[in-house]
Structures are given as structure tokens and as C-alpha cells.
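> I would like to see how this sequence folds:
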Amino acid sequence: MAKTRIIRLEVGIRKCEKALAKFEANEMKAKERWAIAYHRFLKATVDLAGLKRFNTLRHENLRKKVIQWPKKSVELTQKRDETRIAIAKQKAEIARQSIELSTVVVKEKAEQKAVDDLVEQVHLLNNGVVTALEIRNHYLSSHVYGLMVDEEGDLRSSLTWVNSDQTKKVVALVNTIQLVLPDLADQAMEKIRSFFVRFQAKAVMDEAVQAMYDLTKELLVEKMQFQVGPNLYRFLSLELDQYIFPELRMAQDLLKRSIRSEKTNTYIRLYKRASRTDNWEPIKQK
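Numbers count the residues shown, from 1 in each chain. Okay, the predicted model is just below:
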């Protein structure tokens, strides 16, 4: 917004300066015209005084120049004064816009400095946070996460440490995800496809078959592999008749055998309390 205003004021000043130059040129012309007319008046006065013969055409022309000079002078002076008034107005407008421009530029510079300071401060704070996180993660990797492995070499799901006065607690946890083994999943997918093909040509299905058809369609359509989620768990929890839905019963058994749990990244949670009798409260952390 400030930059747009600065541009507008700069354009306005240039227009005023251009108009001022034109008025100043007109003032010079008006002064020159008055000077020329004045010299003609003086010459006519001298010539008229030196005439020997009167009532001639020359005498009449010189007499008119002398008589008309006051009126001519007023006209020329008025044009010059009008031009000077226009010059004064343009100078005043240039001064006004120049002051406004200076004010806006100072304000814009102050605002930009504030933005620069903000950006610099945020970067400094972020660098501090990143450094602190790197130091914390290095310490956790060296002193904490190694303790998550038990004596038999298995990774614990969680481990808790509490300080001696029972006011601070660290809990280390391990994320667990459910994975579907691809080989068994592929076999199960083939069984589901067989069921799907067998029933999709039927014009009419009873309610049970229709429900099973819809569920298998959710599992099959536009999916290259099984993903652990509500539809899969719903399918695995169904009591399927092996005579009515043999393909799905076999697919269900294959999928149950294919699901494995895997532990992924380790993380910590911090807690504190005022005394041993108070409840633990989580500490905000990154």
C-alpha cells in the first residue's frame, strides 16, 4: 500500500514540475512582450515629441501608441500576474506532495525495518529451537532410546523414568503400525476378485450377499494393495459361511495370517506435578 502511494506521489510531483516549467516559460514570454511593448511606447513618445508636422498619418499612429499604452500595459501585466499565480500554485502543490512523499517514505522505511527485524528474529528463534531439538534428540538417542531394548533384544513398547522426589516423569514410547504382508495379501485379493466376478453378473442379490458385495467392492475397486483401516477390520471380523462365501472365507484366513505389527519411531512424553499426591500433568514440548 505504501509503495503504491509513493509511486502515485512521485508521478504527481513530476506532472506538477512539468506544468511549472510550462508556466515559467509563459511568464518569461509575458515579460518579454511587456518589455517590447514598453520600448515601442518609449520610442513612440520620443518620435512624437520630435515631429515637425502634425495632422499626418504618422502623427496619428504615434499618438495612438502613446494613448493606448496604459491599457496595453495593464493587459500585459495582468497576463504576467495570472501566470505568476499559476506558478505559485504549482510550487505550493509540489511542496505539499513532496512533504507527503517524505512522510510516506519515512513510514515505509520504518515498516520495512520492522518487517526485517521480525523476519530476522523469527529465524534466530527457529535456529535456537532447531539447535535445542538436535541436542535433545542426540541425548535421547545416546542415553534413552537404547534402554528401550530389553535383555532379550526385543524393543519395549514403552518405558518410564521418575525422579527421586516423584515430581517429574519421562515416558519413552514406540509407535506401532499394522502392516499387511504382500504375498498372502495378493492371494487374498485373488479370492476376493473371484467372489466379485461370481456375483457381479447377478441382477438380484439377497440382503446378505449385497452387503458382502458392497464391502468387497470397497476393498477391491481402485486399490492396488490392502491398507489397514475400518473396512479391512470389518471384513476380518465377519462370521463367514465357508459354503456360501468360500472365496471370502479363504481370503479372510489369508489376510488374518498376513497382518503383522511393526514398531517404528521412538518418542518421549514429559510430565510434572507439584507433589507426590498431585496428578501428573503433561508438559508442552516440540
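> If you rank every helix and strand of the protein by mean pLDDT, what lands last?
The helix or strand of the chain with the poorest confidence is helix 207-220; it has a mean of 64 (mean pLDDT, DSSP states H and E).
> Tell me both backbone torsions, phi and psi, for the spatially closest residue to Leu173 that is not a sequence neighbour.
Using C-beta to C-beta, 6 or more residues apart in numbering and skipping the chain neighbours, the partner closest in space to Leu173 is Ser158 (4.7 Å). In this view, the C-beta of every residue, glycine as well, is placed from N, C-alpha and C. Backbone geometry at Ser158, expressed as degrees, to the nearest 10, gives phi -160, psi 160.
> How about the contacts made by Ser158?
Listed by C-beta atoms under 8 Å, 6 or more residues apart in numbering, the contact set of Ser158 reads Val171, Ala172, Leu173, Val174.
> Which ones among the residues you listed map onto helices?
Residues of the contacts of Ser158 located in helices (DSSP state H): none.
> Could you tell me which of those belong to strands?
Counting by DSSP state E, those place Val171, Ala172, Leu173, Val174 in strands.
> most neighbours, which of those?
Ala172 (19 neighbours; other C-beta atoms under 10 Å).
> My read is that it contacts Val144, right?
Yes - Ala172 lies in contact with Val144 (C-beta atoms under 8 Å); the separation is 5.6 Å.
> shared neighbours, those two?
Ile268.
> got a list of what Gln242 touches?
So Gln242 contacts Arg249 (C-beta under 8 Å, 6+ apart).
> next one: Ala35
With C-beta under 8 Å, 6+ apart, Ala35 has no contacts at all.
> So it versus Glu10, what's the distance?
The gap separating Ala35 from Glu10 is 38 Å, by C-beta to C-beta, to the nearest Å.
> same thing with Pro246?
84 Å.
> Okay, helices next: where are they in the stretch 1-150 of the chain?
In the stretch 1-150 of the chain, the segments counted as helices under DSSP state H, counting those that start in this stretch are 2-49, 57-139.
> For Arg269, which of those is the nearest?
helix 57-139 (13.4 Å; C-beta to C-beta).
> What residues of stretch 62-79 count as buried?
Leu62, Lys65, Val66, Trp69, Lys72, Leu76, Lys79 (16 or more other C-beta atoms under 10 Å).
> same deal with stretch 129-141?
Those would be Leu140, for stretch 129-141 by 16+ other C-beta under 10 Å.
> now do stretch 49-64
Leu62.
> Could you check how far it is from the centre of its chain?
Centroid separation between stretch 49-64 and its chain, computed with C-alpha atoms, centre = their mean, to the nearest Å, is 86 Å.
> who touches it?
Against stretch 49-64 from outside (C-beta under 8 Å, 6+ apart): Ala44, Asp47, Leu48.
> Which of the residues you listed sits closest to Arg14?
Closest approach between those and Arg14, by C-beta to C-beta: Ala44, at 45.5 Å.
> May I have the residues that are in contact with the nearest residue to that closest one once chain neighbours are set aside?
Among residues not flanking Ala44 along the chain, Lys65 sits closest, at 3.8 Å (C-beta to C-beta, 6+ apart). Residues near Lys65 by C-beta under 8 Å, 6+ apart: Arg40, Phe41, Ala44.
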